[in-house]
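>>> Show me how the following folds:
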Amino acid sequence: MNSLYILFDEIYRILFLLIPVLVTVAMIVWLDRRVWAFVQKRRGPNVVGPFGLLQSVADALKYIFKEIIIPASSNKLIFIIAPIITMTLALIAWAVIPFSENLILADINVGILYLFAISSLGVYGIIMGGWASNSKYPFLGAIRSAAQMVSYEVSIGVIIINVLLFTGSLNLKDIVLAQQNMWFVLPLFPMFVIFFISALAETNRPPFDLPEAEAELVAGYQTEYSGMMYAMFWLGEYANILLMCAMGSVLFLGGWLPPMDIGIFSLIPAPFWFIFKILFLFILFALVKATVPRYRYDQLMKLGWKIFLPLSLIWVVLTAAYLLYFDLLPKQI
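Okay, here's the model as predicted:
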């Protein structure tokens, strides 16, 4: 009976995290479209529900009732599994994200490694979908995505080392608590900028949306998908975007910590601060999409390997030298 109670308790905790994330992913598309509309001086979604808030619900219903078409020449098993893998990996990564000191599903000591491993696996769903479609445009999109995600994961990994040098811990909660006196965005501001741009490339967002460039590849690796299978790729993509915003908040913006622990700042619950920071970074994502033109593929690779990687490596050396010289390295290192 005790083991059954533990099982139901874990299921409840998982659903308590999973359902809000899925709802937020659906609603965040509305915010994305409203930001683009604001930049382009038009209305955006405004018909379905007040302020167009139910537009995402209408889109979801459309995807649910649309026919799923599987190409006759495709590898059907892998074609079906690919979007499931993409969405599943995007959701399970949220298990280690701390919304407050106590509100976390899995408080593990290697949270950063877990996130890095899950984000690295995310490319497999895209490669499988592009290859299994047995079509040239999806295959080209999958190849582009594999090269792009691997290239920018290297920079993100090196950037994270800078944060770990300050904290001496791979636990995400410890990283947030280490920023009680000063958020890491201040001493590591260049790394925050590179992390933000690398996150755009990692999630295939403009100006780095080469894997699904509609002008060249129709819709890239998603071209042959329809109905809910297409929607699962879409949900996985936006869940990954929110995950990157959450990582940026945890690593650089103090997670659930308020800017100042005085006055009205101290009255706002910790999870709301965390959610506010995620939304702030997401709005920056949307503004970039609305204002910056798409890069060429050679420019994309040059930026990752010839600019971001050397800069992040140099900054690791400078950070380590500074902390060592002033004897500020954490005891764990």
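>>> Which parts of the chain are helices?
Assigned by DSSP state H, the chain shows helices spanning 2-39, 55-65, 76-92, 111-132, 136-167, 172-177, 189-202, 214-217, 227-252, 270-291, 297-302, 309-325.
>>> of all those helices, which lies closest to residue 105?
With CB to CB, the closest approach to residue 105 among the helices of the chain belongs to helix 2-39: 5.3 Å. Where C-beta positions appear, they are placed from N, C-alpha and C, glycine not excepted.
>>> for the chain, what helix or strand is lowest in average pLDDT?
Within the chain, confidence by mean pLDDT, DSSP states H and E is lowest for helix 214-217 among all helices and strands, at a mean of 62.
>>> can you give me phi and psi for the closest residue to residue 207 other than its chain neighbours?
In space, and not counting its chain neighbours, residue 207 is closest to residue 292: 4.4 Å by CB to CB, 6 or more residues apart in numbering. Backbone torsions for residue 292, taken as degrees, to the nearest 10, come to phi -110, psi 130.
>>> pLDDT score for residue 292?
According to the model's per-residue confidence, residue 292 sits at a pLDDT of 86.
>>> Please apply the same query to the one 3 residues further on.
Taken from the predicted model, the pLDDT recorded for residue 295 is 82.
>>> nearest residue to it other than its sequence neighbours?
Taking CB to CB, 6+ apart as the measure, residue 295 lies nearest to residue 207, with 5.1 Å between them; neighbours along the chain are not counted.
>>> tell me the contacts of the one you found?
For residue 207, the contacting residues are 200, 288, 289, 292, 293, 294, 295, taking CB atoms under 8 Å, 6 or more residues apart in numbering as the criterion.
>>> Buried only: go through those for me.
By neighbour count, with 16 or more other CB atoms under 10 Å, the contacts of residue 207 hold 200, 288, 289, 295 as buried.
>>> a markdown table please, covering the residues you listed and showing distance to residue 107.
What follows is the buried ones among the contacts of residue 207, written out as a markdown table (distance: CB to CB, whole Å):
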| residue | distance to residue 107 |
| --- | --- |
| 200 | 29 |
| 288 | 33 |
| 289 | 34 |
| 295 | 39 |
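>>> of the residues you listed, closest to residue 94?
Relative to residue 94, the closest of the buried ones among the contacts of residue 207 is residue 200; by CB to CB it sits at 19.9 Å.
>>> next one: phi and psi at the residue lying closest to the closest one once chain neighbours are set aside?
Take residue 200 and drop its neighbours on the chain: the residue closest to it by CB to CB, 6+ apart is residue 208, 5.4 Å away. Main-chain torsions, residue 208, degrees, to the nearest 10: phi -120, psi 30.
>>> Residue 79 contacts residue 133, correct?
Yes: because the distance of 6.5 Å satisfies CB atoms under 8 Å, residue 79 is recorded as touching residue 133.
>>> who touches both of those two?
Overlap between the neighbourhoods of residue 79 and residue 133 consists of 71, 224, taking contacts as CB under 8 Å, 6+ apart.
>>> Which residue of those two possesses the greater neighbour count?
Neighbour count, other CB atoms under 10 Å: between residue 79 and residue 133, residue 133 has more, with 26 against 21.
>>> ok, that one touching residue 229?
No: under the criterion of CB under 8 Å, residue 133 lies out of contact with residue 229, with a separation of 11.0 Å.
>>> any common contacting residues for those two?
Common neighbours of residue 133 and residue 229 (CB under 8 Å, 6+ apart) do not exist.
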